[in-house]
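>>> Give me coordinates for this.
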Amino acid sequence: MSEDNSDSGGEFERESVPDSALLGSGKFWGMYAGEHAAGTEFMIGPLFLAAGASLSDLILGLLLGNILAVLTWRFLVVPIAMAKRMTLYYQLERIAGGALVKFYNLVNGLLFCFLAGAMVTVSASAVGVPFGITFDVPDSMFGLSNASFTVLVAIVGVVIAAVAAGGYERVARFANIAAPWMIGVFAACGIVSLAQMHATNVAALSEGKFWSDAVAFVQEKNGPAEFGFWKIVVFAWLCNGAMHFGMADLSIFRFAKSKASGWAPAIGMFLGHYMAWIAAALLLAALIKLQPELAMGDDGKVVANPGLLAYQSLGWAGIICVVIAGWTTANPTIYRAGLAFQGVMPNSSRTAMTLVAGIVATIAGAFPNLSAQLLGFVGTYGTVLGPMGAVIFVDFYLIKKFGLRDEYANQSGTQVNVAVMIAWLLPVAVGLYLIFAQGLFAAYAVIPCWVACGVLYLVISKFTQNTSAAGHATPETFGSASPTSSDNPYLPPSDNAL
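Below is the predicted model:
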């Protein structure tokens, strides 16, 4: 680990973080507060109501699910992050091989683009309110909305991509400045919505008629749906499965000075994925009670239009918040997608790859049904990327106990660790089949795929390492088999993301 780090900007992409660069807990609390109270919350909250969740199930289910998410970050990610102090990218490279990690980056970059596309849709929904431009959710997954909204998405997407291509630092700095104000607006949305529905006393809140009436209205217009307690728990726990079970946040917590920093996700979960989700859901309930015609699209179905919902509650402050929330989420997401694509093509420029990511995200944003499917998408995201975290877990805790070598690609010089490739792709293929062909709720697949990947990696390694052990050189001989690009889509900016 003696590589010169002078060109890395102090980010230690290809070595362990030294003690001199470790950070206190406060840096992590600020980062998670900003990251998880953002544009996605304006979409996900109303989707719970639209999916038929009861108010009591939502309050209790989100409570339990978010507690489980925090515990997973604290006890699964942080110990490995502090022991290795390497980025996810570099750890996977040493275990799986540089070529396989390139493929992983391609998949990750595309998924980032689809997530950013949903945020382009969110921002465009707010920009369109003053101009009377709304969007309809077509029946087809890849159906376009009306022409005016499609043009608006293109304009918003171009602006977001251009800003992201200019660099992450100022985008992240602005997001951190805006985060406290956005959290305040989220809280105000919930309070104002309750007041609009005259649900400001204990009796009205406990009865919850304002909520049940809204659910009944949606079910009448959109057809029956069900989103019960345990589905809410699993979704809240695993919607960030790629970050904790998938170990993406190793790149963040490698800077942690103490394990206490591992509790920092709690502020994001309970301000963003608890308070903000419920507050955003109340926006739709209030709109249905006060102006039900505005809640419906041209096809007569209820549409969760974030910009319109916030405007009806808080006026221009709501519109500005939705625009900023979508913008501050889409920009870093597009930026990281660009870095992921650059990892696949190291000779390309960061700016060019970021613009490519922006184009892909803008195209995705033109299909409103993609953003309307966020409850399923984030589970699919975790199903695809989460299992790689099991590889890291097994390699760190178990592989040596079975007489096998850890960081096998680094020790053998291979570009593709076959054990990792099969262990990752096979469970993911089964999981995606169950999700798309059998209708399984996507978040349900995350943990089974994670466990299956870990077991397969251990079992297959027993055969591949034993049969290919003879003649392998030491890690000192081969060094690290890796892409040459120092850009890393999992790497937090030096003083912004932390």
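>>> From here on, just use CA atoms for contacts and neighbour counts.
Will do.
>>> what about this structure, any weak spots by pLDDT?
1-11, 13, 139, 141, 166-176, 466-498 (pLDDT under 70).
>>> Pick out the residue nearest the middle of it.
Asn240 (5.4 Å; Cα atoms, centre = their mean).
>>> Go ahead and measure how far stretch 58-74 is from the middle of the chain.
Chain-centre distance of stretch 58-74: 16 Å, with Cα atoms, centre = their mean, to the nearest Å.
>>> Over to stretch 246-255?
For stretch 246-255, the distance to the chain centre is 14 Å (Cα atoms, centre = their mean).
>>> Quick one: end-to-end distance for that stretch.
End-to-end distance of stretch 246-255: 18 Å, with Cα to Cα, to the nearest Å as the criterion.
>>> Name the residues that touch that stretch?
17, 21-23, 77-78, 80-82, 84-88, 242-243, 261-262, 382, 385-390, 392, 490-492, 498 (Cα atoms under 8 Å, 6 or more residues apart in numbering).
>>> picking up where we left off before, count the neighbours of the residue lying closest to the residue nearest to the centre of the chain once chain neighbours are set aside for me.
Closest residue to Asn240 apart from its sequence neighbours, by Cα to Cα, 6 or more residues apart in numbering: Gly382 at 6.8 Å. A count of nearby residues for Gly382, using other Cα atoms under 10 Å, gives 28.
>>> List the contacts of Pro368.
118, 121, 135-138, 143-145.
>>> Using neighbour counts, trim those to the buried set.
118, 121, 135-138, 144-145 (16 or more other Cα atoms under 10 Å).
>>> buried stuff in stretch 275-291?
275-289.
>>> hang on, the earlier thing: looking at the contacts of Pro368, which is nearest Gly358?
Nearest to Gly358 out of the contacts of Pro368 is Ala118 (Cα to Cα; 12.1 Å).
>>> can you tell me which helix or strand the closest one belongs to?
Applying DSSP states H and E as the criterion places Ala118 in helix 98-127.
>>> Now do the next helix or strand after that helix against helix 98-127: the angle between them, please.
Towards the C-terminus, the helix or strand next in line after helix 98-127, according to DSSP H and E, is helix 147-165. Helix 147-165 and helix 98-127 meet at an angle of 130 degrees, taking axes from the mean of the first three to the mean of the last three Cα atoms, to 10 degrees as the criterion.
>>> Which neighbouring elements make contact with helix 147-165?
Judged by 3 or more Cα pairs under 8 Å, 6 or more residues apart in numbering; DSSP states H and E, helix 147-165 is in contact with helix 98-127, helix 316-344, helix 350-365.
>>> just how off-centre is the shortest one within its chain?
Just to be clear, that refers to helix 350-365. With Cα atoms, centre = their mean, you get 17 Å for helix 350-365.
>>> Could you check that helix and say which residues are buried?
Result for helix 350-365 [16+ other Cα under 10 Å]: buried residues 350-351, 353-365.
>>> ok and that helix relative to helix 316-344, angle-wise?
Computed with the same axes, to 10 degrees, the direction of helix 350-365 lies at 120 degrees from that of helix 316-344.
>>> ok, now the first one?
Orientation of helix 98-127 against helix 316-344 (the same axes, to 10 degrees) gives an angle of 160 degrees.
>>> Beyond the one helix or strand Gly190 maps to, next helix or strand please.
According to DSSP H and E, Gly190 maps onto helix 168-196. With elements assigned by DSSP H and E, the helix or strand that comes after helix 168-196 is helix 202-207.
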